[in-house]
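> next one to model:
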Amino acid sequence: MAVKPLSSGLSRRSQRGFSLVELMVALTIGLFLMGAVGIIYVNTSNSSRASTLESQMNEDAALALELLQQQIRLAGFSNADNTGARRFSGRAVYGCDLGFAATDANFNALACNGAGTASDAISVRYEATLLNSQDAAGDPGNCAHEGIAEWAAAGEGGIDNMRLADNRYYVAADADGTPALFCQGRTGAGFGDATALIPNIEDMQVQFAVTALPVVDEVIPHQVAGYVNASHDALGDTAANWSRVAAIRVCLIARSATPVPTGDNSLDDVGFYRGCNGEELTSSDRYLRRAYVTTIQLRNARPALPAEWSLGANPWAFLYEE
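Numbers count the residues shown, from 1 in each chain. The predicted model follows:
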């Protein structure tokens, strides 16, 4: 039986390919889909990168605040001698609104910058022991983990042969030009190296919670009357005024480690943040910035029962009087 061949017309139709118009339409649709996928990828990548940088910024600020909290809570700590008196009875804290003129000056000779735009600086003092400080080759460590040897601290509110910690905190640029939280602390009779602790900290503003002004022959007030800056008349540069400090409010301005992609946001949206005083600020360098605030009570400086206060007397005497 003979097989009937396929018609030539059917064979031509089954072998026909895409026309030029069909090919162009397919290419256009493919390019459109590829572009849409690319845009989604870029936006997702930018959002992920911005989120990562913001998380890192939050971690840097949280670590800096935690470190300052731990140190400020120690301010004024002292063991007692065999008579029950405090071994350290000097000023626990001291600050400057525009930073210290020299971060390695003796406490009694600390001077503040008179002008400029520097961040605030603060000095924190306490008796260092292996229980409240990191071990540095057998000695209590300062803020840079350098050992604090015994020294004659009698002129600084302590006693001879004492490990008196005196750590200064401020903001400066590190070797790479990155703003960072710095510290410089005592190693004994002298000071150690200035050390960058936490990077990407741009500013530090410090306020002091002070009690009402004490009155001679009356019980020292413990109620906080308000928050003031270091240069305020309520503090000045006298030990009696600084003994009124009951707590310290610290505000840090932290920034992202690198500029963030703007994506669909404007530069103003990316650069907007609020400063330490609640003011609205905007930067145009694509760095994220945020203010982080905490208040720390001076637990070791004001734990005692109220006592009478007398003009010219040791302002810390009420801490250990019977």
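> and the pLDDT for residue 96?
With respect to pLDDT, residue 96 has a value of 94.
> excluding sequence neighbours, find me the nearest residue to it.
Spatial nearest neighbour of residue 96, excluding adjacent residues (CB to CB, 6 or more residues apart in numbering): residue 112 at 3.5 Å. C-beta here means a position set from N, CA and C on the backbone, and glycine is covered the same way.
> same deal with residue 100?
Leaving aside its chain neighbours, residue 100 sits nearest to residue 121 (4.8 Å; criterion: CB to CB, 6+ apart).
> hey, what's that neighbour bridged with?
Bridge pairing for residue 121 (DSSP bridges) gives the partners residue 96.
> any stretches of the stretch 201-322 of the chain with poor pLDDT?
Filtered on pLDDT under 70, the stretch 201-322 of the chain yields the residue ranges 239, 264, 302-322.
> all helices for it, in order.
239-242, 267-271 (DSSP state H, counting those that start in this stretch).
> picking that back up, right, and the residue nearest to residue 96 touches residue 102 too?
No - if you go by CB atoms under 8 Å, residue 112 and residue 102 don't touch, sitting 10.4 Å apart.
> of the two, which one has the most company?
residue 112 (18 against 14; other CB atoms under 10 Å).
> what sits up against stretch 255-269?
For stretch 255-269, contacts defined as CB atoms under 8 Å, 6 or more residues apart in numbering pick out 43, 46-47, 49-50, 53-54, 56-57, 179, 199-200, 202, 270, 282, 284-289.
> can you count the residues close to the residue nearest to residue 62 when sequence neighbours are not counted?
Distances taken as CB to CB, 6+ apart put residue 292 closest to residue 62, at 7.4 Å, once the chain neighbours are dropped. Residue 292: 18 surrounding residues under other CB under 10 Å.
> oh, and call the first residue 207 from now on, that's how I've got it
Got it, the first residue is 207 from now on, which makes the last one we talked about residue 498.
> so what's residue 498 up against?
267, 268, 270, 271, 457, 458, 459, 460.
> for residue 505, same thing?
Here residue 505 is in contact with residue 279 (criterion: CB under 8 Å, 6+ apart).
> how far away is it from residue 419?
23 Å (CB to CB, to the nearest Å).
> contact partners for residue 294?
Shown in contact with residue 294 (CB under 8 Å, 6+ apart): 282, 283, 284, 331, 332, 333, 359, 363, 364, 365, 368, 370.
> ok, and the closest non-adjacent residue to the fifth one?
Think residue 332. Nearest non-adjacent residue to residue 332, counting by CB to CB, 6+ apart: residue 283, 4.0 Å away.
> top helix in this protein by residue count?
Longest among the helix segments of the chain by residue count, using DSSP state H, is helix 226-280.
> sorry, back to before: return the most buried member of the helices of the stretch 407-528 of the chain.
Greatest average neighbour count among the helices of the stretch 407-528 of the chain goes to helix 445-448 (a mean of 19), per mean count of other CB atoms under 10 Å.
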